[in-house]
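**Student:** Dropping the sequence and predicted coords here.
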Amino acid sequence: MVENQSLKSATDNQTVTITNQQSNQQILKDIASNLISSLSGGMFSLAMGLMLLHDTHSPLSFGLETAVVPIIGILFLIPVGNIVDQYHHKMILISSLAIRLLGLILFALTFPLFSGLSEFIPVTCFVVIAAISTNFNTTAYSASVHELVNTQKIKTLSSLTQAASSLSTILSPALGVALYAMIGFEAFIIVETIATSCALLILFSMRFHYQTTATTKQPHHQTLASQLASFKAGLQYIQQRSLIRDVILMAIMVNFLFTAINIGVPYVITNQLHAGNGPIGYIETGFSVGLFIGSLLMSLIPNEKYFALRVIPPIIILGLCMTFLGLLLAIVHQPFQLSLAGSLIMLVAGLTNAVMNISFSIRLQTTVPTHILGRVSSTLNTSVTAIMPIGALIYTALFQSQLNGALIIATSGIIMFAYVLGFLKLILNDIKIDDRFNTGQPNGH
């Protein structure tokens, strides 16, 4: 193994040496931190939903985060990207986790003072704090890859971090329900506080290799006008990179249509097919397992080749999987057959989704200038997730109408398939144009 490979920022004309050994250490720490945070956070979110459902009997019990998180993303779109690009990433990450930790402590102290429907008050306040923290955390981590590992290790870092998140998604439901039944919600808050503290300690031990040039980030006060100007510079860069712009436009529609599965599958299986809750769990687990397998595969596939094959076919397959799942629900009514076939379909969907997302994420992290990566990442993430609450409202109304729910899902899959095919020629052309950023010097503000 070569132990002295250097990281060259294609954006700042500055070389920082990060050895493979240092990169591997950072990857292990990042995986551990991500696994702890994702697993404990998923378990805590589930426990909070179960507690609210038991105490309030409100249908909003499991939908609060779905409603709040995209709204926070929109409200903080401009400051998150600007702050991440202006300040040192480690300081932002430590601050965001510390704020979450403080929110947990305040939540633990105030929650016992409320009962019944009033429990939504402290829960909503904590969800808002957690959403802000997660927003800064996700964007800062995405923008800091060049400071953690060398160029050859970026793919491994992104793939294994995604694998850790997917593994958490697989394990957290069962572990969360079991732990909630054993210790109750108030003790669960303490468990989440300890887990967040452990993730914070791991973060403290990580080393960030900062650039030392004239463009080194210097904290300074920004007016509203300068904030807007910085945000506009990010938008101009996205406009310059037609691949990023067109993928965002495509992903917005894909996420909107995919909401049909999130909303419709549980509704169709329980209310229309009366097949019980079992198939729902297996189908959701199938998608998570697919994400996990796809993430592991991406850590083994060479990143330098076949970018178009790792982006275009997966999103086409995603539409086909959605169509097949809808047809399955329309034809098959037996729980065992639904569980087996549905989980296999969603496993393929999860696998292709992981390949596509990780490939595009790596393309961003290796070609976008470091000093503008925060704004680009924040705009991308917010754009593709902000549509989901609208999709949830529209599909909720559709599924509650007299229409056949299975056919709604199948039709949405066909629309997704046709929509992606309509973008096919444009995206292929964008990829050819964008390939110059792999070796060229992108211009950013």
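**Tutor:** Thanks, I have it. Values in this document were obtained by computation on a predicted structure and should not be read as measured data.
**Student:** Might you report the residue contacts of L106?
**Tutor:** Listed by CB atoms under 8 Å, 6 or more residues apart in numbering, the contact partners of L106 are F126. For glycine as for every other residue, the C-beta is placed from the backbone atoms N, C-alpha and C.
**Student:** Am I right that it falls within a helix?
**Tutor:** Yes - judged by DSSP: H, G, I helix; E, B strand; the rest coil, L106 forms part of a helix.
**Student:** what's the distance between it and I189?
**Tutor:** Separation of L106 from I189 (CB to CB, to the nearest Å): 10 Å.
**Student:** what sits in contact with each of the two?
**Tutor:** If you check L106 and I189 against CB under 8 Å, 6+ apart, no residue is contacted by both.
**Student:** Now find how far off-centre the helix or strand harbouring L347 is within its chain.
**Tutor:** Here L347, judged by DSSP states H and E, is contained in helix 335-367. On the basis of CA atoms, centre = their mean, to the nearest Å, helix 335-367 is displaced by 13 Å from the centre of the chain it belongs to.
**Student:** Can you name every helix or strand that that helix contacts?
**Tutor:** For helix 335-367, the packing partners by 3 or more CB pairs under 8 Å, 6 or more residues apart in numbering; DSSP states H and E come out as helix 120-143, helix 154-205, helix 242-267, helix 278-298, helix 312-331, helix 370-385.
**Student:** Tell me what angle it forms with helix 370-385.
**Tutor:** Going by axes from the mean of the first three to the mean of the last three CA atoms, to 10 degrees, helix 335-367 is angled at 150 degrees with respect to helix 370-385.
**Student:** so for helix 335-367, what's the average pLDDT?
**Tutor:** For helix 335-367, the mean pLDDT works out to 92.
**Student:** What strand or helix carries the nearest residue to I129 once chain neighbours are set aside?
**Tutor:** Counting by CB to CB, 6 or more residues apart in numbering, I129 lies nearest to G103, which is 3.7 Å off, once chain neighbours are set aside. With elements taken from DSSP H and E, the one containing G103 is helix 89-110.
**Student:** Model confidence score at the residue nearest to I129, please.
**Tutor:** At G103 the predicted local confidence, pLDDT, stands at 96.
**Student:** residue contacts, it?
**Tutor:** Neighbouring residues of G103 by CB under 8 Å, 6+ apart: C125, F126, I129, A130, S133.
**Student:** Same list, those, but as TSV with neighbour count and distance to T156 please.
**Tutor:** As requested, the contacts of G103 are exported to TSV (neighbours: other CB atoms under 10 Å; distance: CB to CB, whole Å):
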residue	neighbour count	distance to T156
C125	14	38
F126	21	34
I129	18	32
A130	26	28
S133	22	26
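**Student:** Low-confidence bits of the protein, can you list those?
**Tutor:** When the per-residue scores of the chain are filtered using pLDDT under 70, the ranges that remain are 1-16, 59, 211-222, 303-304, 438-445.
**Student:** How is it partitioned into domains?
**Tutor:** Here the domain assignment for the chain is 16-211, 224-435, based on automatic domain parsing.
**Student:** Quick check: which of the helices and strands packed on helix 335-367 is nearest to S40?
**Tutor:** helix 154-205 (3.5 Å; CB to CB).
**Student:** and the helix or strand that comes right after that closest one with helix 370-385, angle?
**Tutor:** Tracing the chain past helix 154-205, the next element assigned as helix or strand by DSSP H and E is helix 224-240. Between the direction of helix 224-240 and that of helix 370-385, the angle (the same axes, to 10 degrees) works out to 80 degrees.
**Student:** Identify the residues contacting S295.
**Tutor:** S159, L160, Q162, A163, S166, A354, I358.
**Student:** Leaving out sequence neighbours, find the closest residue to it.
**Tutor:** Nearest residue to S295 in three dimensions, chain neighbours excluded: A163, at 3.6 Å (CB to CB, 6+ apart).
**Student:** quick revisit: would you turn the contacts of S295 into JSON lines with neighbour count?
**Tutor:** Shown next, in JSON lines, are those (neighbours: other CB atoms under 10 Å):
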{"residue": "S159", "neighbour count": "26"}
{"residue": "L160", "neighbour count": "20"}
{"residue": "Q162", "neighbour count": "22"}
{"residue": "A163", "neighbour count": "24"}
{"residue": "S166", "neighbour count": "23"}
{"residue": "A354", "neighbour count": "25"}
{"residue": "I358", "neighbour count": "25"}
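**Student:** Nearest to V177, out of the residues you listed: which one, please.
**Tutor:** Closest approach to V177 among the contacts of S295 (CB to CB): S166, at 19.1 Å.
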